[in-house]
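[1] generate coordinates for the sequence data below:
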Amino acid sequence: MNTQKPLAIEARNLTKSYGDNAVLKGVDIAVPEGTIYSLLGPNGAGKTTTVNILTTLIPASGGEAFVGGNHIVKQADEVRKLIGVTGQFAAVDGLLTGRENLHLMGRLHHLGKRETVRRTEELLERFDLLEAAKRAPSTYSGGMKRRLDIAMCLMGNPKVIFLDEPTTGLDPAGRRTVWAAIRELVKAGTTIFLTTQYLEEADELADKIAVLNGGTLVAEGTSEELKRLIPGGHIRLRVHQAGDVARTAQLLEASGSDADQLTVEVPSDGSVHSLRKILDTLDREAIEVDELTVHTPDLDDVFLALTGHAAEAA
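    Presented below is the predicted three-dimensional model:
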């Protein structure tokens, strides 16, 4: 029985050029329904261009893409009915109040008056904006504007949501509020396409992460799979007896050891297979270990290795 989820977003050999400048160079994307897909990359990598193509805002130069099974060019109107989009900058009306902005979105989505009011109050509460609802967004902080912008995106209850750097400018508490809302949406079956400059955000939320560099996808996988691509992972053991340090280091071809701390460091990709191999050796040689910890590179290391950019610069 095939239990694989249908694809909510699919791109095949997507390209985009402006004159001689190739922004996207053949990008393939597959996002199953009800999952979070995060696109990472330095400035100029093509993240926003990808979002703009998939949301029908600009045409691709080549390739094709589908959202909810609908062709983004031939069935663009159907795609627009399915999606919600937030850009890098809040797109709220500064003259209307926060509540009026949401009511306006309800009318644009042809919601009835009662449903518009219900959704508005629900979203104001979810994004901690009830107290500010009567004020114009021109009086809001940058973080409050971002939260209102995302709430407006959700007003039409979209099946697929494109979030282009949604927590830029938010403080840690504001980011956690948005993260919680994203998780609730995915639990209800919504698909999220997320671009972000915060590696912690991708690590925290995404089912699959893709790294875009120079218009090309250079890596794709779960957070743990990407971390295993980068050298530097190791397993650290603390043996029970000082006399076992040198023997353990030799048996396991350790990269380092400390007789005073009773520790041995063994290169490892952090996989279950490599861990089992070490444990089998320890068991066979009757070496008692008091502590074992697995250390793998983090997404910062992955990002730097794959793109040549530090995450902070991106």
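[2] contacts and neighbour counts: CA atoms only from here.
    Fine.
[3] next SSE after whichever helix in the chain runs longest?
    When secondary structure is assigned using DSSP state H, the longest helix within the chain turns out to be helix 172-187. Going down the chain from helix 172-187, the next helix or strand is strand 191-195, by DSSP states H and E.
[4] show me how far that following strand is from its chain's centre.
    The chain centre lies 7 Å from the centre of strand 191-195; the measure is Cα atoms, centre = their mean, to the nearest Å.
[5] packing partners for it?
    When contacts are defined as 3 or more Cα pairs under 8 Å, 6 or more residues apart in numbering; DSSP states H and E, strand 191-195 sits against strand 36-40, strand 160-164, helix 172-187.
[6] who wins for proximity to residue 71 among these?
    strand 160-164 (14.3 Å; Cα to Cα).
[7] state the mean pLDDT of the helix or strand harbouring residue 250.
    Here residue 250 sits within helix 245-251, counting by DSSP H and E. Here helix 245-251 scores 91 as its mean pLDDT.
[8] stretch 185-203 now?
    Across stretch 185-203, the average pLDDT comes to 88.
[9] check contacts around residue 159.
    When the contact criterion is Cα atoms under 8 Å, 6 or more residues apart in numbering, the partners of residue 159 are 82-84, 189-191.
[10] quick one: buried ones out of the residues you listed?
    82-84, 190-191 (16 or more other Cα atoms under 10 Å).
[11] quick one: secondary structure of the closest residue to residue 187 other than its chain neighbours?
    Of all residues beyond its chain neighbours, the one nearest residue 187 is residue 34 (7.3 Å), with distances taken as Cα to Cα, 6 or more residues apart in numbering. The three-state assignment at residue 34 reads coil, by DSSP: H, G, I helix; E, B strand; the rest coil.
[12] from residue 73, how far out is residue 34?
    Distance, residue 34 to residue 73, using Cα to Cα, to the nearest Å: 23 Å.
[13] mind listing the helices for the stretch 151-300 of the chain?
    Remark: helices of the stretch 151-300 of the chain, listed N- to C-terminal, are 172-187, 199-205, 223-227, 245-251, 272-284, 299-307; assignment by DSSP state H, counting those that start in this stretch.
[14] what angle do the longest one and strand 191-195 make?
    What it means is helix 172-187. Direction vectors for helix 172-187 and strand 191-195, defined by axes from the mean of the first three to the mean of the last three Cα atoms, to 10 degrees, enclose an angle of 140 degrees.
[15] tilt between helix 172-187 and strand 160-164?
    Between the axes of helix 172-187 and strand 160-164, defined by the same axes, to 10 degrees, the angle is 160 degrees.
[16] helices or strands up against helix 172-187?
    helix 142-154, strand 191-195.
[17] related to what we said a few turns ago, and which of the buried ones among the contacts of residue 159 is nearest residue 5?
    Residue 5 lies nearest to residue 191 out of these, by Cα to Cα, at 11.5 Å.
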